[in-house]
Structures are given as structure tokens and as C-alpha cells.
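Trainee: the sequence and its predicted three-dimensional model are supplied below.
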Amino acid sequence: MAPIELAKPSLMSLRIEMRWKGKSLATGTGFVVTHEDQPYLITNWHNLAGRNPETNDVLSSHGVTPDQVVILHNRAGAIGTWEHRSESVVDENENALWLEHPVGGRAVDVVALPLTQTDGVDLYSYSLEEGPNAPLLSPSTNVNIIGFPFGRASAGGIGIWARGTIASEPYVDYGDWPRFLIDSRTRKGQSGSPVVFYNPKFQPITLKTGNSITYTAPIMELLGVYSGRISEESDIGMVWKTVVVQEILAAAR
């Protein structure tokens, strides 16, 4: 049988489960970014805090907030197998262990949690730097939200791809924060997913430089972090731009 070829982003999204004293509260999605040799889990503030970032209300019907997050990592040297690793999200005094945006705090629904339990796992990190072949984005550009709706995977720990289109001007900030809108049928469990421009090989794309070019290998560009819909009655969702993650990590120095 011929070997199976996986798209790399399928392995880069990580299923996460928020727990309190071992009890499952919710599932979500995260991904890894490495900054100054330290790997971080990037996800939403509301995932790890267990609170609504606008009202600060507790999200769980149990009335508690997470004390740990369990991450389904890729097992080292064995693609197609996975390892669960638990990370504390608060210390013994209930202080948050994640990093928030230095200006927006919880209003910016993105956090970076330093990873400490990484022995025996492979970390596939996204780059926050714009690549030399960055695509030209516009309203209606296709994007992919790769995560775990309702906590489900396509197989094992392989993320599920949801297609969406950019629904606002991507180079204009939505609501005075660095984010843009997408039109996609996303659901619970996909919060914290990377939003990716992914162009399969041999498909022509237009670059920011204005050139149109065809590649013989896939083109992948991280655009931001998905954080939920603007309303439960809408399929319009919000994406925090990658600059937000850069600012969080820069403030950690």
C-alpha cells in the first residue's frame, strides 16, 4: 500500500480539554508557536479562563473554571499516534499561568500558555512571520479553520478542516481590534483553531507583490486565531490576527 500523505496543518492543530479537579468542562482547539526556544500553546482566553471575555461570567454549568488543560500531542517520531499531556493553567493561588495581551487583557480573546510537559512529543510550530509568498487577501478569499468541532477529530488527533471565506476587509481592523471576520459554519470545540490560508500544489495564487504564480508544493500561511461567532444565530465568526500573538509573546520578555 502506498504511504498516506497528510497535509501538515492536519497535525498542527491540537485537541484540548479543559478540566477542573479531573472533571471535564469543555473541549477546544489550540496550536503551538515557539518563541525564544520556549513552546507555547496558543488558544482563546475563554477556553483556559472558562469565562466569557466580555462579561467575565463563568461558562461551565458546573459553576467552576479550569485548573488544567489536557492536550492531545503528536507522539515523538511516530506520526499517526498521540500522547495526552496535562498542563496547569493556574498556580496554587489561582493565578493564571497563561500570558494575556499586554494592552487588551481578556478583551483580546487570545492567550499563550508556556508548555512544560513536552518530553516524548513532537511539536509542529506555526511561524508568526509573514512568508515571502504571502497571498493577497480580500473579502471572499477562502480560508481554513482546522480544529475539533464538538471535540471530534477526523481520526485520532487529526484536525477537521472547515472552509470559510473572509467576510470583512482583512487589512482593516474589525471593532477597533486587530481581527477580521469570516463566514463559516463553525461550532463549539473549534475555538482557538488556527485560521490558515492553504493553497494545494499546482494551484495558481496572487501574491501581495502582485505576481501570480503556481507552486509545485502547498503554500501555507497562518492568518490568525478563531474565537467564535458574533452571535449564536450567525455563521459570521471572528479571527484575531497573528500580530496579537506576536504582541503577547513580545511582552513576555
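Mentor: Structure received.
Trainee: in the stretch 151-253 of the chain, which spans are strands?
Mentor: When assigned using DSSP state E, counting those that start in this stretch, the strands of the stretch 151-253 of the chain occupy the ranges 160-166, 179-183, 194-199, 204-206, 212-214, 219-229, 236-241.
Trainee: rank these by pLDDT, which is bottom?
Mentor: Note on the strands of the stretch 151-253 of the chain: strand 212-214 shows the lowest mean pLDDT, a mean of 67.
Trainee: all helices of the stretch 101-250 of the chain, in order?
Mentor: With helices called from DSSP state H, counting those that start in this stretch, the stretch 101-250 of the chain shows them at 242-250.
Trainee: show me where pLDDT drops low in the chain?
Mentor: Residue ranges of the chain with pLDDT under 70: 1-4, 202-203, 213-216, 253.
Trainee: now do 80
Mentor: For the chain, the stretches with pLDDT under 80 are 1-5, 131-133, 201-217, 253.
Trainee: now the longest strand seen in it: buried residues?
Mentor: What stands out as the longest strand in the chain, according to DSSP state E, is strand 23-35. For strand 23-35, the buried set under the neighbour-count rule, 16 or more other Cβ atoms under 10 Å, comprises 25, 26, 27, 28, 29, 30, 31, 32, 33, 35. Where C-beta positions appear, they are placed from N, C-alpha and C, glycine not excepted.
Trainee: same deal with stretch 104-122?
Mentor: For stretch 104-122, using 16+ other Cβ under 10 Å, the buried residues are 104, 106, 108, 109, 110, 111, 112, 113, 115, 118, 121.
Trainee: nearest to residue 238 among those?
Mentor: Closest approach between those and residue 238, by Cβ to Cβ: residue 109, at 7.8 Å.
Trainee: the closest one and residue 246, how far apart?
Mentor: As defined by Cβ to Cβ, to the nearest Å, residue 109 lies at a distance of 16 Å from residue 246.
Trainee: for residue 206, same thing?
Mentor: Distance check for residue 206 against residue 246: by Cβ to Cβ, it reads 25 Å.
Trainee: is residue 174 in a bridge, and if so with what?
Mentor: Beta-bridge pairing of residue 174 under DSSP bridges involves residue 177.
Trainee: for the remainder of this discussion, apply numbering that starts at 422.
Mentor: Yes, from this point I'll number from 422; that puts the last item at residue 595.
Trainee: thank you, goodbye.
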